[in-house]
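Visitor: Structure for the following, please:
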Amino acid sequence: MIVRGIFVASARLGLTREHRRYAAVRQTAVWCYRGGSISAEPRINDRIRVPEVRLVGPSGEQVGIVPLAKALELAQEYDLDLVEVAANARPPVCKLMDYGKFKYESAMKAREARKNQAHTVIKEMKLRPKIDPHDYDTKKGHVVRFLKQGDKVKITIMFRGREQSRPELGYRLLQRLAEDVADLGFVESNPKQDGRNMIMVLGPHKKKTEAMAEARQAQEARKADAKANPGKSQNAAESDAAVAAEEPAEA
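Guide: Numbering: from 1, shown residues only. Below you'll find the predicted structure:
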């Protein structure tokens, strides 16, 4: 119908038959590319235009090949929709279902899948070969936190000046850090020199999805604890405030 309409409209403009055919095919291709005549939604009820269908019942039972009118009659009898689930089959496969409920459940499943989707993130931590012990503990704490979250960590040792002549300092520091966090991660990429820097990559033992699941469980546990003991957090905050108020007086 679309091609015929374009063909007739082109004829009114005085175009030759070849030009009219070319214009019709070209415009149809443009509409299909833009999604004008193609829908991602399945055909339902009276939008299904075939003489017969292979019908599947509400509980998944095979009814068999029936005329379209009979399938629509059964859908009306069960107060359900007739949904075309396999349009390319011969004859097309249709199922009796509550289409509104089906769309809602599909959207919720897609949302849950996106929520649980894990994206691999590579964190970076920079150290100096002669790092202070306190700074080292701080940096190591960040690395531990990243590995617990299921993220990879890129450790960079930055050499300056004469430190470049002693790469063994950086190597020993990286080895020490890898040993300190061995229970949470492993060396995915061994230390290697990269210009003035030395780089090592640590990978977590725990997968990102597992870390996310544990974080959600811990959050739900905290919420449940707060709901069960509503005055606990408030009392803790009041005691902290009291201690903070007494410290200046003691000084």
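Visitor: quick one, longest strand in the protein?
Guide: In the chain, with assignment by DSSP state E, the single longest strand is strand 185-194.
Visitor: for that one, packing partners?
Guide: Packing partners of strand 185-194 (3 or more CB pairs under 8 Å, 6 or more residues apart in numbering; DSSP states H and E): helix 167-180, strand 197-204. Every residue, glycine included, has its C-beta placed from N, CA and C.
Visitor: all strands of the stretch 51-200 of the chain, in order?
Guide: Taking DSSP state E, counting those that start in this stretch, the strands of the stretch 51-200 of the chain run over residues 52-56, 62-67, 81-86, 93-97, 122-127, 152-158, 185-194, 197-204.
Visitor: Tell me which of the helices and strands packed on strand 185-194 lies nearest to residue 68.
Guide: Distance to residue 68, taken as CB to CB, is lowest for strand 197-204 among the helices and strands packed on strand 185-194, at 55.8 Å.
Visitor: Kindly calculate the angle that the closest one makes with strand 152-158.
Guide: Orientation check (axes from the mean of the first three to the mean of the last three CA atoms, to 10 degrees): strand 197-204 against strand 152-158 gives 160 degrees.
Visitor: what's the most buried one of the strands of the stretch 51-200 of the chain?
Guide: Ranked by mean neighbour count, the strands of the stretch 51-200 of the chain are led by strand 93-97 with a mean of 23 (mean count of other CB atoms under 10 Å).
Visitor: residues in contact with that one?
Guide: Contact partners of strand 93-97, identified using CB atoms under 8 Å, 6 or more residues apart in numbering, comprise 48, 53-58, 71, 74-75, 78, 80-86.
Visitor: Just put the helices and strands packed on strand 185-194 in a markdown table and tack on distance to residue 136.
Guide: Shown next, in a markdown table, are these (distance: least, CB to CB, whole Å):
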| stretch | distance to residue 136 |
| --- | --- |
| helix 167-180 | 8 |
| strand 197-204 | 15 |
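Visitor: Which one of those lies nearest to residue 221?
Guide: Taking CB to CB, strand 197-204 is the member of those nearest to residue 221, at 22.1 Å.
Visitor: Beyond that closest one, next helix or strand please.
Guide: helix 208-228 (DSSP states H and E).
Visitor: okay, that following helix in CSV with CA atoms only?
Guide: Presented in CSV, the C-alpha positions along helix 208-228 are these (Å, rounded to 0.1, in the frame of the first residue of the first chain):
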residue,chain,number,x,y,z
LYS,A,208,32.1,-7.3,41.0
THR,A,209,28.6,-8.8,41.1
GLU,A,210,29.4,-10.6,44.3
ALA,A,211,30.7,-7.4,45.9
MET,A,212,27.6,-5.5,44.8
ALA,A,213,25.3,-8.2,46.2
GLU,A,214,27.2,-8.2,49.6
ALA,A,215,27.0,-4.4,49.7
ARG,A,216,23.2,-4.5,49.2
GLN,A,217,22.8,-7.1,51.8
ALA,A,218,24.8,-5.1,54.3
GLN,A,219,22.8,-2.0,53.5
GLU,A,220,19.5,-3.9,54.0
ALA,A,221,20.8,-5.3,57.3
ARG,A,222,21.6,-1.8,58.5
LYS,A,223,18.2,-0.6,57.5
ALA,A,224,16.5,-3.5,59.3
ASP,A,225,18.6,-2.9,62.4
ALA,A,226,17.8,0.8,62.4
LYS,A,227,14.1,0.0,62.0
ALA,A,228,14.2,-2.6,64.9
